[in-house]
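Predicted model follows, preceded by the sequence.
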Amino acid sequence: MLLCMLAAFVSCSDLGIELPNPSGSWYLDFVTPVLTSFSKSTITFSDDGAFERVTTTHFMSGHLLGYAYVGTGRFRVGSSNQLVIIVDRAITIQGSNVREKPVPFPINPEIETITFSISENLLKLQYPPCPPNANCIDELIYKRM
């Protein structure tokens, strides 16, 4: 019993295990199928455990066309480079012509567990395997802002 209580108070840093820290802002640009615009996904991990993901659409010139998604919540880094993200507020905008950042609404929490790695200025997110015939993403690579 004493051993279990002791284990509860020992963190990875106490054991000399250094976990990667995703804190900061990261972005990913991708061209839309129409080729007249591109989307930018930005993820921000704060030191206090807060998380925000924003997707915007831009004209090819770089000017903002509008917001497409805003989601906020919490995150934590687990063992084996596991990143657990809990989104508890979100809004998706159809048409993407809203130019002021919208305030997300409370939602039933969506929990993502992603394997991640950081090298130089790149954040690599590896998602779990997809079920057959599913339209899933297996990997995204973000750049540090």
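Okay, I see it.

Only C-alpha atoms from now on, for both contacts and neighbour counts.
Will do.

Pull the number of nearby residues for the closest residue to residue 37 other than its chain neighbours.
For residue 37, ignoring the flanking residues on the chain, the nearest one in space by Cα to Cα, 6 or more residues apart in numbering is residue 59 at 4.4 Å. Residue 59 is flanked by 14 other residues according to other Cα atoms under 10 Å.

quick one: pLDDT of the residue sitting nearest the centre point of the chain?
Geometric centre of the chain, nearest residue: residue 43, 4.9 Å, by Cα atoms, centre = their mean. Residue 43 carries a pLDDT value of 97.

That one is in what secondary structure piece?
strand 37-45 (DSSP states H and E).

ok, that strand: who's next to it in the sheet?
strand 24-31 (antiparallel), strand 50-59 (antiparallel) (DSSP bridges).

Give me the residues contacting that strand.
22-32, 51-60, 75 (Cα atoms under 8 Å, 6 or more residues apart in numbering).

picking up where we left off before, how much space separates the residue nearest to residue 37 from residue 103?
Distance, residue 59 to residue 103, by Cα to Cα, to the nearest Å: 23 Å.

what's the answer for residue 118, then?
Taking Cα to Cα, one finds residue 118 at 30 Å from residue 103.
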